[in-house]
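**Student:** This is a predicted model, with the sequence first.
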2 protein chains.
Amino acid sequence: MNFARRMEKFQGSDIQQILKVTARPEIISFGGGLPAPELFPVEGMKRAMEKVLDEAGSKALQYFTTEGLVPLRKKIADRTNLRTGTDLGQENVVIVTGSQQALDLAGKIFLDEGDVVLCESPTYLGAIDALKAYSPRFVEVQTDGEGMVTEDLERQLAANERVKLIYVTPDFQNPTGVTWSDNRRRSFMEVVNEHEIPVLEDNPYGELRFQGVTPPSLKSYDEKGNVILLGTFSKILSPGMRVAWICGDEDLLEKFVYVKQASDLHTSTLSQYQIDAFLDMYDLDEHIAGLIEVYRHRRDVMLTSMDEFLPEGVDFNRPDGGLFTWAVMPEGVSSRDVLTKAIENNVAFVPGDAFYPNGGHENTMRLNFSNMSPQRITKGIEILGKVMESFAG
Amino acid sequence: MNFARRMEKFQGSDIQQILKVTARPEIISFGGGLPAPELFPVEGMKRAMEKVLDEAGSKALQYFTTEGLVPLRKKIADRTNLRTGTDLGQENVVIVTGSQQALDLAGKIFLDEGDVVLCESPTYLGAIDALKAYSPRFVEVQTDGEGMVTEDLERQLAANERVKLIYVTPDFQNPTGVTWSDNRRRSFMEVVNEHEIPVLEDNPYGELRFQGVTPPSLKSYDEKGNVILLGTFSKILSPGMRVAWICGDEDLLEKFVYVKQASDLHTSTLSQYQIDAFLDMYDLDEHIAGLIEVYRHRRDVMLTSMDEFLPEGVDFNRPDGGLFTWAVMPEGVSSRDVLTKAIENNVAFVPGDAFYPNGGHENTMRLNFSNMSPQRITKGIEILGKVMESFAG
């Protein structure tokens, strides 16, 4: 049987094979990006569903508009404005089936084969996965502890004629945990405001801030309607429900609606009603405060353990929020070799080279701290430190 | 801003604009393909959700495998085997976010720009919409009251080098309501079994049979693993929940899993658990028997009204099930002109040319009978008949 040429890029990854073993209960996994399930609002979601089926009834089970439920879109717009300095109305919000769908739709809308996507280095693996279906060339822009380096962004814009999309995660990035400084945001947007290139500002983790002040979103500095801001309920309510959103100018959202209709008609009516009812019935801020307390503690335990147990020469980030930190081992050490040995000792993580669309950086790794208990985090990092030591010098 | 070339094909359709008015309550709409909401199992879905959140709890709100919930996949395989003569296991089933997603994924997997899709003439509008994102050429195969004409299929296979996909809806087709005869199924599959070309057998309506016996699926005659059978809960439980499935050989489903993971990670965990619990708690056959009773009556009322009120020279189909019938007016009469005047008189339908990927056939129309009461069906067809008369010769 013949497949489309793009399917050459869709092969089973060795990482997925390796991480399958991490589902075993004895494994201490820093590998996935899973929220802590014990914090999910199970009872609240039950009450919300009861209310929806008692009150909206059959409407909540019928086909729906592609744009999504208006009261939910209004709540998302209001919350985004309050948190990130934007000025959005419900007409600037379209509901999607998880942020992953937003990435896929963006690829469909903007990318012809051979077009260039600019991204941070490293960048989110799921974005690479979604966009590669449209056969672009990924050009990594130099990125440091303050975000994407503006001078290199300008250099790459000048050097590449076919830049059709810029993908960034300025808040508690997956994989590094880095948050862009406000200065860097401003200078990035000064450049973007001189072009007509769409920017996907992916922000799934921004609400999980453990300390400090939330900086304005890139979207809040957007003068031309270039920025499409992505958000999701996955990290603040439930990832399994697959409800997320796109914020942008109306004429641009119209394109998303066309292609979303062709991709899955609309996002689950029932899930949209259910989350909207939950937001009416419960205090989301209070719920998120509970998440932050737990995740902050887990981050603290992880960083303290990394200070104590990781060998000299291993650097790592100290994120102010989110779900991840990032470690860099000395040049020449392969995180895949470390992973193989770590799994033999019941510890797992994701090798960092997976987050570089053009490869390299085999000495890096992503570590998730949200899904394991503090005790297991300490134990897992201790084991990881010993494994790393066995690869030293 | 620059868009991908494929976006030239995604413009707002005039039909969508026209049909927007059909949401007005005074309109008698034969336009959509909506199930009757008064038949949705609202109370059952509530109880199922309560059971899931009480018993599975946080598991039902967490990220999930792309393949989907194993017990649900097992139930789907068993039911499909029993109904359509297949021999599937749970490993032959992948859950998707509505059948529309399956169509999009199939396009992604099989189609390069300029490849040929063979389809019935007419064919399902949503399939055209999903597949056109991959820029194929649609070649319509001659289709009559027994299904796709085998001789013309052979002719088109011989005439077109780059046939990469065959899309068909053999049971109560959308838009015509036609069901393929068993003879036609066999001869179609004799041809298909000589090739290595994937066949999408889309079957959203097969369970809504008002009379007669369900014929074996194309998949049941599949000797090479060419056939991918699509099914959905949209027409038998709830379209708003967006839960459907793909059945096929495991190695082919692996491709679907890769691209689905890149498209939306997985289908709602909660919705999968909820439907699985519903199927444990309630008798789906009994529920469907209730739907059939109502829809059969509505079809009868529509056909009787068409016999009574439509002018001479208008032909129409007498489907044994599903949601639609199809009318053909004399050559030269434009269903768009008829629609404009019908809407002025508060009646709507979908002009039939929308279902021909290469245009033409302006004298045809699709009529849905599932979403209006018998009284409104009679009244609407009476009005439609008068409007048609005003266009007669």
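**Tutor:** Arrived safely, thanks for sending. Numbers count the residues shown, from 1 in each chain, chains lettered A, B, ... in the order given.

**Student:** gap between residue A:367 and residue A:71?
**Tutor:** 39 Å (Cβ to Cβ, to the nearest Å). Every C-beta, even on glycine, is put in place using the N, C-alpha and C of the backbone.

**Student:** So these two - more neighbours on which side?
**Tutor:** Regarding residue A:367 and residue A:71, a neighbour count based on other Cβ atoms under 10 Å in any protein chain shown identifies residue A:367 as having more, with 24 against 15.

**Student:** Quickly find the element holding the more buried one.
**Tutor:** Counting by DSSP states H and E, the element that carries residue A:367 is strand A:364-368.

**Student:** List the neighbouring strands of that strand plus their orientation.
**Tutor:** Paired neighbours of strand A:364-368 in the sheet (DSSP bridges): strand A:324-328 (antiparallel), strand A:350-351 (antiparallel).

**Student:** Mean neighbour count, those strands: which tops it?
**Tutor:** With neighbours defined as mean count of other Cβ atoms under 10 Å in any protein chain shown, those peak in mean count at strand A:350-351, which reaches a mean of 24.

**Student:** what comes into contact with that strand?
**Tutor:** A:15, A:19, A:31, A:125, A:175, A:335, A:336, A:339, A:362, A:364, A:365, A:366 (Cβ atoms under 8 Å, 6 or more residues apart in numbering or on different chains).

**Student:** what sits against the third one?
**Tutor:** Counting by Cβ under 8 Å, 6+ apart, residue A:31 touches A:19, A:22, A:348, A:349, A:350, A:368.

**Student:** Which one, of the strands paired with strand A:364-368, ends up nearest to residue B:166?
**Tutor:** Nearest of the strands paired with strand A:364-368 to residue B:166, taken as Cβ to Cβ: strand A:350-351 at 40.0 Å.

**Student:** about what we covered before: which one of the contacts of strand A:350-351 sits closest to chain B?
**Tutor:** Proximity of these to chain B (Cβ to the nearest Cβ) peaks at residue A:125, which lies at 10.5 Å.

**Student:** For chain B, what is the nearest residue in the stretch 251-393 of chain A?
**Tutor:** Residue nearest to chain B within the stretch 251-393 of chain A: residue A:269 (3.2 Å; Cβ to the nearest Cβ).

**Student:** Residue A:260 belongs to a helix?
**Tutor:** Yes: under DSSP: H, G, I helix; E, B strand; the rest coil, residue A:260 sits within a helix.

**Student:** Is it correct that it is in contact with residue A:108?
**Tutor:** No: the criterion here is Cβ atoms under 8 Å, and residue A:260 misses it with residue A:108 at 9.3 Å.

**Student:** Wait, the residue of the stretch 251-393 of chain A closest to chain B touches residue A:62, no?
**Tutor:** Yes: using Cβ under 8 Å, residue A:269 makes contact with residue A:62 at a distance of 6.3 Å.

**Student:** where do the contact lists of the two overlap?
**Tutor:** Both residue A:269 and residue A:62 are contacted by residue B:240, under the criterion Cβ under 8 Å, 6+ apart.

**Student:** So for those two, which sits in the more crowded spot?
**Tutor:** residue A:269 (24 against 20).

**Student:** Just give the closest residue to residue A:314, not the sequence neighbours.
**Tutor:** residue A:329 (5.3 Å; Cβ to Cβ, 6 or more residues apart in numbering or on different chains).

**Student:** thought the one you found was touching residue A:336?
**Tutor:** No: counting by Cβ under 8 Å, residue A:329 stays clear of residue A:336, with 11.5 Å between them.

**Student:** so where's chain A uncertain?
**Tutor:** A:13-15, A:18-19, A:393 (pLDDT under 70).

**Student:** how about a cut-off of 90?
**Tutor:** Counting by pLDDT under 90, the ranges of chain A that qualify are A:1, A:10-25, A:32-33, A:392-393.
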